[in-house]
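Okay, sequence plus prediction incoming.
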Number of protein chains: 2
Amino acid sequence: MEKESNFKVTIIDVAAKAGVSFGTVSRVINDDVHVKKETRERVLKAMQELGFVANRQARSLAGGKSNSIGVLVPDLGTGYIGEIIRGIDAELSLTDLDLILYTTHRTASKEANYVANLARGMVDGLLLVLPRSPADFIGTLTQQSFPFVLIDHQGSSQDCPAVGATNWQGGYNATEYLIKLGHQRIGFITGWMDLGCALDRLDGYRSALRTYHIPEIPELIYQGSFFQPDGFAGASAMLNLPNPPTAIFASNDVMAMGVMDAVRNRGLRVPDDVSVIGFDDIPQAAMIRPALTTIGQPLEKMGRVATQMLLDLLRHPNKDANRIELPTQLIVRDSCCEPRMN
Amino acid sequence: MEKESNFKVTIIDVAAKAGVSFGTVSRVINDDVHVKKETRERVLKAMQELGFVANRQARSLAGGKSNSIGVLVPDLGTGYIGEIIRGIDAELSLTDLDLILYTTHRTASKEANYVANLARGMVDGLLLVLPRSPADFIGTLTQQSFPFVLIDHQGSSQDCPAVGATNWQGGYNATEYLIKLGHQRIGFITGWMDLGCALDRLDGYRSALRTYHIPEIPELIYQGSFFQPDGFAGASAMLNLPNPPTAIFASNDVMAMGVMDAVRNRGLRVPDDVSVIGFDDIPQAAMIRPALTTIGQPLEKMGRVATQMLLDLLRHPNKDANRIELPTQLIVRDSCCEPRMN
DNA sequence: GATTTTCTTGTAAACGCTTCCAAATTTTAT
DNA sequence: ATAAAATTTGGAAGCGTTTACAAGAAAATC
C-alpha cells in the first residue's frame, strides 16, 4: 500500500517520516556503521513506505563518483560484441553499477571524443572494445590514471590493463589441425591488420606452416578486415587460382561464413571439396550447416574477466596494469575433413 | 595544445578565462539565444582552450532531467535484441542522450524493480523490450505519465505507446506460403503464449488453415517459448507421429533452427523431406544452410521507430499513446520446397 | 557520582550546473 | 537628445546527495 510514493521522495522526506535528520538517512543508505540498529530499522521502514529511491545524479555529484561504468563498442552487429557485453553485464549485475553503452559506429573521432568526455566524470571506469589501434587516448587515460580495461586488444604496443585471448596459439592450432588432416594448401584470410589479434592469428598460421615445413604461398593469404564480404572475396580469389587451396582458415567466423558462401557459389561443397575453419566461436557458428569448426574464444568470459579487472582497479586505484590472455580452444564441428585425394 | 585541461574544469573556470559570469557560460552551453555573438565566441574559445566538458550529473541534478534514456531488455543472447538495440542506438546517436542498458535476465522482480527506480529520475524515458506480459508496472508508468514505449508487445491489453509488427499477418503469410507450395500437414511451434505476438502468430496460422479449408490438427501444434530447444523438442515429437508434417512453421528463427536440427537428427533433410519456416529474420537466418525462409520483422526499424516515438513523447509529454505496427514480410530462402509426393 | 570515552545523531558546506530575476547595456522610437 | 523598449549579463537560490565536523547521549572508568 505504498500510496504516498507519488513523486520525488527525498531523503528529507524520509528523515521527517522517520523522525531523524537527513544525515542519518544518508548514513543508512550508505551502510554506515554508526547508526543504531533500531534507528536504521525505523529509517528503512520509512523508506519502504515512502517508496524512496536515491537520486543517482545527486549522489554522483556529491559523492564524486557516477556509479556507472561505460562500455564503448564499435557496434552491435556481430554476435561477437553481444557475447562480450553479456559477460560484462553478468559481472556488473553483482554490483550496483549501471552500464552505459556507447557505440562509436567505427568512427575514430567519435571514439576519442567519447573517451575524453567519459573520463571526465561521466563514468567511473571504462571498458573498451575497439576495432582499431587505440593508441591515441590510451596515453591520456593512463596519464590521468583513469580506470579502464581493454578487451581483445593485446598486441597494441602500450602497457595497459587488457584481456584478450591466445590468438597466436589459436592460429597455430587451427592450422596444425588442418595440416594433420592432410591439407597442404591452406588459404588464410586475415583480419584487420591494424589489430594485434589479427597479426597474432596470422603469425600462428605461419608458424604452423613452418613447423610442418610447408612453404608459405603469398597468393594463399588474403587481406581482409573481419567482415563477411572479405571472406567471400578472399575465397573466391583463391578458388580461381590454378592450384586452389583445399582448406581455408578465416581469421573470424563471420568471414568464414563468407568463405562458405563463396565455396558453394562455385558449386563446391564444404567440407568435401574445401574445408573451412573460423575463429571466435560466435553463437551462429554452431547453428550454420555444416556447423563451423572454429577456434573458440571465451568471449563471454573475456567480458567477465575484464569487468572484474575494472572493478578491482576501481577499488585499488594504483594497482599495476596487468594483461590477461584467456586460452583459445579448437572446437571441431563439421566444416573440415581430409582433403580429397586426386 | 590544450595543456591546461588537466583536471575538472568547471563553468566557473571558463567564465573566469572568458571574463564573463558563469551564468553566461551556462547560457552558451545551452544554446540560449540571449548571448551576444561576440561573447559566445569568446566563451567557446575559452572552453576549447580549457578542454571543458560539462558535468552530466550536475546538469541533470540542476536541470531536472537525466539526459539519458533507459533500455530494458531481457538479455543479449539472441540476435533479436541486438538488432533492436542497433536501431535504438542509431536514432539516439542523433541526439545527445545517453543510452543506459539494463538487462533483467528474465526475472520479473528485477524488471519491476528497475522500472520503478528508473522512472524516478534515473532516466528521462524508457524503452522496454520485455519477454513477458508487462501488465504490472505499465499502470504505474502510465499513471505518473512517465514517457515510455513498449517494443514488440502489442497484444498486451493495456493502451500504451508501443511498436510492434504485424504478427498476425506474418503468421498468415507464412502458412499460406507453405499451403501454396502444396503442404497440407503443417506443424506449428508456438512462442511464449503469455505474449501477444505469440498469440497473433498462432492466430495467423489458424486463419490461413481455415481459409484453405485445412483441418487444424492439435498434435501439430507444439507449445514452445521462443527458445531453440523448444523447436527441437516440438519437431522431434511431430516427426514421431504416424503421419508426420511435411512442413513446420516455428514462431521464431531460433526455434526454427532447433527444428532443423531435429529434422537432421532423424536423418531427414531440409527442405527435401521437411520444409521449415521461421519468424524474425535474425541475421543468422541468412547465414545458416539451408538459408532459412522466414517472416522478416523489421527489428532494427522497430528500434528506430520506438526511439522516435519516445523522443517525441519527451518533447510533447501529453501526446496520445499510439501503437504502430510495422509490416512483416515473407523472405523466401532455401528452407522450404514443395512436399515430396509419396 | 563525576569524568572520560565511545556511539550516535544533527548540521553546514560543498558538488557543478540551471534558472529565474534583476541590473546593466544597447538599440529603437520620439 | 531623451525616454522607452529590447537585448544581454550577473548573481542568488536550489537540485538531492555526501562528507566532514560538532554536539548530544549512552556507556565505561575511576
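Nice, I can see it.

Hmm, residue A:181 is touching residue A:247, no?
Yes. Counting by Cβ atoms under 8 Å, residue A:181 does reach residue A:247; the two are 7.5 Å apart. Using the backbone N, CA and C atoms, a C-beta is placed for each residue, glycine as well.

shared neighbours of these two, anything?
With contacts taken as Cβ atoms under 8 Å, 6 or more residues apart in numbering or on different chains, residue A:181 and residue A:247 have A:275, A:336, A:339 as neighbours in common.

Which of residue A:181 and residue A:247 has more residues huddled nearby?
residue A:247 (27 against 17; other Cβ atoms under 10 Å in any protein chain shown).

So the more buried one versus residue B:334, what's the distance?
According to Cβ to Cβ, to the nearest Å, residue A:247 stands 25 Å off from residue B:334.

which stretches of the stretch 201-342 of chain A have low pLDDT?
A:342 (pLDDT under 70).

now the strands for it?
A:221-222, A:247-250, A:275-280, A:293-296, A:323-326, A:329-331 (DSSP state E, counting those that start in this stretch).

and those, which is most packed in?
strand A:247-250 (a mean of 32; mean count of other Cβ atoms under 10 Å in any protein chain shown).

Of all residues in chain A, which one is closest to DNA strand C?
residue A:23 (2.5 Å; Cβ to the nearest atom of the strand).

so who does residue A:35 touch?
Here residue A:35 is in contact with A:24, A:27, A:28, A:43 (criterion: Cβ under 8 Å, 6+ apart).

and it, what helix or strand is that in?
Using DSSP states H and E, residue A:35 maps to neither a helix nor a strand.

Quick check: buried residues in stretch A:252-268?
For stretch A:252-268, burial by neighbour count (16 or more other Cβ atoms under 10 Å in any protein chain shown) applies to A:252, A:253, A:254, A:255, A:256, A:257, A:258, A:259, A:260, A:261, A:262, A:263.

Counting only helices, which of these make the cut?
A:253, A:254, A:255, A:256, A:257, A:258, A:259, A:260, A:261, A:262, A:263 (DSSP state H).

The closest residue to the third one other than its chain neighbours: neighbour count?
Meaning residue A:255. In this structure, residue A:255 finds its nearest non-sequential neighbour in residue A:231, 3.3 Å apart by Cβ to Cβ, 6 or more residues apart in numbering or on different chains. For residue A:231, the neighbour count with other Cβ under 10 Å is 29.

One more: residue A:201?
Using other Cβ under 10 Å: residue A:201 sits among 31 other residues.

what do you get for residue A:270?
Around residue A:270 there are 25 residues (other Cβ under 10 Å).

same question, residue A:114
Residue A:114 is flanked by 19 other residues according to other Cβ under 10 Å.

Can you name the next helix or strand after the host helix or strand of residue A:115?
Here residue A:115 sits within helix A:108-117, counting by DSSP H and E. Using DSSP H and E, the next helix or strand after helix A:108-117 towards the C-terminus is strand A:125-128.

need the contact list for the closest residue to residue A:80 other than its chain neighbours.
Closest residue in space to residue A:80, ignoring its immediate chain neighbours: residue A:282 at 5.5 Å, by Cβ to Cβ, 6+ apart. By Cβ under 8 Å, 6+ apart, residue A:282 lies in contact with A:78, A:79, A:80, A:83, A:253, A:254, A:299.

For residue A:166, state which of those residues is nearest.
Nearest to residue A:166, judged by Cβ to Cβ, of the contacts of residue A:282 is residue A:299 at 13.6 Å.

need the contact list for the nearest residue to that closest one once chain neighbours are set aside.
Nearest residue to residue A:299, sequence neighbours excluded (Cβ to Cβ, 6+ apart): residue A:83, at 3.6 Å. Residues near residue A:83 by Cβ under 8 Å, 6+ apart: A:282, A:283, A:299, A:300, A:303.

just the residues you listed now: which is nearest residue A:160?
Checking the contacts of residue A:83 one by one against residue A:160 (Cβ to Cβ), the nearest turns out to be residue A:303, at 17.6 Å.

wait, doesn't that closest one sit right on residue A:82?
No. Taking contacts as Cβ under 8 Å, residue A:303 lies outside contact range of residue A:82: 9.8 Å.

So if I had to pick from the two, which one is more boxed in?
More neighbours surround residue A:303 than the other of residue A:303 and residue A:82, with 28 against 24 (other Cβ under 10 Å).

Tell me, how many residues neighbour the spatially closest residue to the more buried one that is not a sequence neighbour?
Of all residues not flanking residue A:303 in the chain, residue A:87 sits nearest, at 2.4 Å (Cβ to Cβ, 6+ apart). Residue neighbour count, defined by other Cβ under 10 Å, stands at 22 for residue A:87.

Look up how far residue B:247 lies from residue A:87.
Taking Cβ to Cβ, one finds residue A:87 at 38 Å from residue B:247.

Kindly report the same for residue A:309.
Distance check for residue A:309 against residue B:247: by Cβ to Cβ, it reads 50 Å.

cool, and residue A:113?
Separation of residue A:113 from residue B:247 (Cβ to Cβ) stands at 52 Å.

do the same with residue A:220
The gap separating residue A:220 from residue B:247 is 43 Å, by Cβ to Cβ.

same check, this time on residue A:300
35 Å.

and what of residue A:231?
32 Å.

who in chain A is up against DNA strand D?
Contact residues, chain A versus DNA strand D (Cβ under 7 Å from any atom of the strand): A:8, A:10-12, A:22-23, A:26-27, A:29-30, A:52-55, A:58-59, A:61-64.

Report the angle between the helix or strand harbouring residue A:60 and helix B:56-63.
Using DSSP H and E, residue A:60 sits in helix A:56-63. Helix A:56-63 runs at 120 degrees relative to helix B:56-63, counting by axes from the mean of the first three to the mean of the last three Cα atoms, to 10 degrees.

what's the offset of helix A:56-63 from the middle of its chain?
29 Å (Cα atoms, centre = their mean, to the nearest Å).

Going along the chain from that helix, find the next helix or strand for me.
According to DSSP H and E, the helix or strand after helix A:56-63 is strand A:68-73.

tell me which element the nearest residue to residue A:245 once chain neighbours are set aside falls in.
The shortest distance from residue A:245 to any non-neighbouring residue, by Cβ to Cβ, 6+ apart, is to residue A:187 (3.8 Å). Assigned by DSSP H and E, residue A:187 belongs to strand A:186-189.

how about the helices in chain A?
For chain A, the helices defined by DSSP H cover A:11-18, A:22-29, A:37-50, A:56-63, A:79-92, A:108-117, A:135-143, A:167-181, A:196-211, A:228-239, A:253-265, A:283-287, A:299-315.

Can you list the low-confidence ranges for the stretch 51-200 of chain A?
For the stretch 51-200 of chain A, the ranges with pLDDT under 70 are A:77-78, A:106-110, A:131-135, A:154-158.

interface residues of it facing chain B?
A:51, A:53, A:55-58, A:60-61, A:66, A:68, A:75-77, A:79, A:82, A:85-86, A:89, A:93, A:98-103, A:105, A:116-117, A:120-122, A:144 (Cβ under 8 Å from any Cβ of the partner chain).

burial count for residue A:237?
16.

That one contacts residue A:223, correct?
No. Counting by Cβ under 8 Å, residue A:237 does not reach residue A:223; the two are 10.7 Å apart.
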